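1. From the sequence below, what's the structure:
(one chain, ligands or ions: 1)
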Amino acid sequence: MFKIAIKKSWLHCPECGKEQKILITNTANCSGVFLKCKYCKKEFEVIVADGVQSDLQV
Ligand SMILES: [Zn+2]
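-> Okay, the predicted model is just below:
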């Protein structure tokens, strides 16, 4: 059997680029989830496709 490596990376705020306290794996898929950045206080949508976070702004 093949081992699938799971890598985790931190989510970043598209506004200020700071790390958020959310980890995504390299197989993550997500949309329609909003997060408020604790640094710049802006709300942004968390869009992740196959573990890659989109930098689309709200
Ligand atoms: Zn921010």
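2. Low-confidence regions, the protein specifically.
-> 1, 56-58 (pLDDT under 70).
3. Quick check: residues of it near the ion?
-> 13, 15-16, 37, 39-40 (C-beta under 5 Å from the ion). Placement of C-beta: from N, CA and C, glycine included.
4. so which pair among the residues you listed is furthest apart in space?
-> Glu15 and Tyr39 (8.6 Å; C-beta to C-beta).
5. For the ion, see how far away the residue nearest the centre of the chain is.
-> Geometric centre of the chain, nearest residue: Leu11, 3.5 Å, by C-alpha atoms, centre = their mean. Distance of Leu11 to the ion, given as C-beta to the ion, to the nearest Å: 11 Å.
6. List the pairing partners of the one helix or strand that residue maps to within its sheet, with orientation.
-> Using DSSP states H and E, Leu11 sits in strand 8-12. For strand 8-12, the paired strands and their directions (DSSP bridges) read strand 19-25 (antiparallel).
7. Give me the contact list for the strand it pairs with.
-> When contacts are defined by C-beta atoms under 8 Å, 6 or more residues apart in numbering, strand 19-25 is touched by residues 6-13, 30, 35, 37-38, 46, 48, 51, 53.
8. ok so, going back, and the strand holding Leu11, what's buried?
-> Across strand 8-12, burial judged by 16 or more other C-beta atoms under 10 Å covers 11-12.
9. just stretch 6-26 next, same as before
-> Here stretch 6-26 shows 11-15, 20, 24 as buried, counting by 16+ other C-beta under 10 Å.
10. cool, and stretch 44-58?
-> 44, 46-48, 51, 53.
11. got a list of contacts for that stretch?
-> With C-beta under 8 Å, 6+ apart, stretch 44-58 has contacts from 7, 9, 11-15, 22, 24-35, 37, 43.
12. End to end on stretch 34-54, go ahead and measure it.
-> 13 Å (C-alpha to C-alpha, to the nearest Å).
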